[in-house]
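1. Sequence plus the predicted model coming up.
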Amino acid sequence: QERTFIAVKPDGVQRALVGEIIKRFEARGYKLVGLKLTVPSKALAGKHYADLKGKPFFNGLVDYMTNGKAPVVAMVWEGKDVIRQGRRMLGATNPLESAPGTIRADFCTAIGRNIIHGSDSYESALKEITLWFNENELADWVSANAEWTDADN
Ligand code: GTP
Ligand code: MG
């Protein structure tokens, strides 16, 4: 089954939106297979956002993620098309462009405080899950809902 890396950023934790975000993924029918509260090191955040090195906001972005004013809630979610659907549920990077009903449109206003991260491709998901989690921190379990949420026929 497809897996993606979703993280509630420190502003989302500080604003008490963790439950709301988990609720949306659960309600959609996705299965939680990894979950932890962590303050990432600068090295981890730098690797996570390696493709943005050189952007004017890069240092601010790394500080925001790592300064410990609140932790990050790192998660792995599993299910049908969860990488693309996760991105749709998050909405556009800039909340000004996020469609109403998406997480970013419903809960934030600033691109630099957009409360949640989601992997943008299969390759990113694999890279990010490996970066943030050890294999033994991921739970392989069978959801009793799977026959209702995942059937293709
Ligand atoms: P993530 O899911 O966090 O990776 O966001 P994204 O994939 O929608 O966007 P991208 O990977 O391009 O940028 C990563 C993060 O950098 C964004 O979520 C923002 O928090 C931040 N960011 C991107 N562009 C800007 C910008 O122009 N200004 C500021 N301050 N932050 C930005
Ligand atoms: Mg991104």
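-> It's in. Numbering: from 1, shown residues only. Ligands and ions are numbered 1, 2, ... in the order given.

2. what sits up against stretch 54-66?
-> Identification of contacts with stretch 54-66 by Cβ atoms under 8 Å, 6 or more residues apart in numbering yields 9-11, 39-42, 44-46, 48-49, 52, 72, 112-113. Backbone N, C-alpha and C define where each C-beta goes, glycine included.

3. can you check stretch 5-19 too?
-> Under the criterion Cβ under 8 Å, 6+ apart, residues 21, 25, 37, 64-65, 67, 69-77, 86, 107-108, 113-119, 124-125, 128-129, 132 lie in contact with stretch 5-19.

4. Restricted to strands, list these.
-> Among these, the members falling in strands (DSSP state E) are 37, 72, 73, 74, 75, 76, 77, 116, 117, 118.

5. Mind putting those into a markdown table with neighbour count, distance to residue 17 and pLDDT?
-> Shown next, in a markdown table, are the ones in strands among the contacts of stretch 5-19 (neighbours: other Cβ atoms under 10 Å; distance: Cβ to Cβ, whole Å; pLDDT from 0 to 100):
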| residue | neighbour count | distance to residue 17 | pLDDT |
| --- | --- | --- | --- |
| 37 | 12 | 14 | 98 |
| 72 | 23 | 13 | 98 |
| 73 | 21 | 10 | 99 |
| 74 | 23 | 15 | 99 |
| 75 | 26 | 13 | 99 |
| 76 | 25 | 19 | 99 |
| 77 | 27 | 16 | 98 |
| 116 | 23 | 8 | 98 |
| 117 | 21 | 13 | 98 |
| 118 | 24 | 14 | 98 |
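
6. if we look at ligand 1, which of those residues are close to it?
-> 117, 118 (Cβ under 6 Å from any ligand atom).

7. and of the ones in strands among the contacts of stretch 5-19, the nearest to residue 103?
-> Within the ones in strands among the contacts of stretch 5-19, the smallest distance to residue 103 is 5.6 Å, found for residue 116 (Cβ to Cβ).

8. Tell me which residues touch the closest one, please.
-> When contacts are counted by Cβ under 8 Å, 6+ apart, residue 116 touches 6, 7, 8, 9, 12, 21, 90, 103, 104.

9. which parts of this structure sit against ligand 1?
-> 52, 57, 61, 93, 111, 112, 114, 117, 118, 120.
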